[in-house]
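Asks: A structural model of the following input is requested.
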Amino acid sequence: MTLNFAHRGFSGQFPENTMLAFEKAVEAGADGIELDVQFSKDGELVIMHDETLNRTAGVDGFVKDYTLEQLKAMDVSGKWGDRYGSMEIPTLREYFEHFKDLPVITNIELKTGIFPYPGIEERTLEMIREYELENKIIISSFNHYSCLKMKELDEKMPCGLLEESWIVGAGKYGRKLGMDFLHPAYPMVTESYVQDAADHGLKVNTWTVNDWDSVEYFTKIGVNAIIGNFPDLAEKALNPYR
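Replies: From the prediction side, this is the model:
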């Protein structure tokens, strides 16, 4: 059964990576929530996609250069303006507190593709264990060293390699690194890609899938999860296959 993961929450209709977007994703029937984690200047795990604050908060500079208190004072409504009121940057702890008892999988993307954020793997794993969520988490990153680091810390932690290029032998590569999933951008996902992953013991979670036909196609070729901005649409498209 193909799963329905909400990309940065219900980001197609609400401000991305906010508690509102996460809550609305669950209401829409999402099986999982994908979110992004970085460090603030004072070492707090905060949920934000871009390394910069310009697009969502209208503030110059990098997330890593502001303390949690400073980040909390920002409105990350982005393109939505005042439609939903002021939106706050959540911490990973706040997210866990709210969603720990709900039957949803959380795909945590470690945003180490530009800044390595030393220690972020340890801190993330520590918090996952604190909330006893080991069985409801997938770790992913474009920085494959981060995924390797997480596996070194906990070989049982499910990890997926994010990628948006056409890798030759993706299944073999993922298996060599000891991963559980491949997380490719959707244009490169074909039936043969999914089969190659399966032949090497890997499952495929693909992004960003936002239309009905694509959801049906990826379901039919055996993708494990589609990650999209409209979990309501995905839920309706997936319903006949449940």
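Asks: Can you tell me what sits against stretch 60-80?
Replies: Outside stretch 60-80, the residues that touch it by CB atoms under 8 Å, 6 or more residues apart in numbering are 14-18, 38-42, 44, 46, 48, 50-59, 83-89, 91, 115, 117. Every residue, glycine included, has its C-beta placed from N, CA and C.
Asks: Buried residues, that stretch. List them.
Replies: 63-64, 66, 68, 71, 74-78, 80 (16 or more other CB atoms under 10 Å).
Asks: what's the span of that stretch from first residue to last?
Replies: End-to-end distance for stretch 60-80: 19 Å, by CA to CA, to the nearest Å.
Asks: quick revisit: filter the buried residues of stretch 60-80 down to the ones in strands?
Replies: When those are checked against strands (DSSP state E), there are no matches.
Asks: I'd like those residues as TSV, with pLDDT and distance to Tyr131 appended.
Replies: What follows is the buried residues of stretch 60-80, written out as TSV (pLDDT from 0 to 100; distance: CB to CB, whole Å):
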residue	pLDDT	distance to Tyr131
Val63	98	23
Lys64	98	24
Tyr66	98	25
Leu68	98	19
Leu71	98	22
Met74	98	26
Asp75	98	28
Val76	98	24
Ser77	98	28
Gly78	98	28
Trp80	98	29
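Asks: among those, which two are most distant?
Replies: Farthest pair in the buried residues of stretch 60-80 (CB to CB) is Lys64 and Trp80. Separation: 24.6 Å.
Asks: So the spatially closest residue to Asp196 that is not a sequence neighbour, which state does it fall into?
Replies: Sequence neighbours aside, Gly171 is the residue nearest to Asp196 in space, at 4.0 Å (criterion: CB to CB, 6 or more residues apart in numbering). Reduced to three states with DSSP: H, G, I helix; E, B strand; the rest coil, the structure at Gly171 is helix.
Asks: all strands of this protein, in order?
Replies: Using DSSP E, the strands of the chain run over 3-7, 32-39, 45-47, 105-110, 137-141, 159-163, 181-184, 203-207, 225-228.
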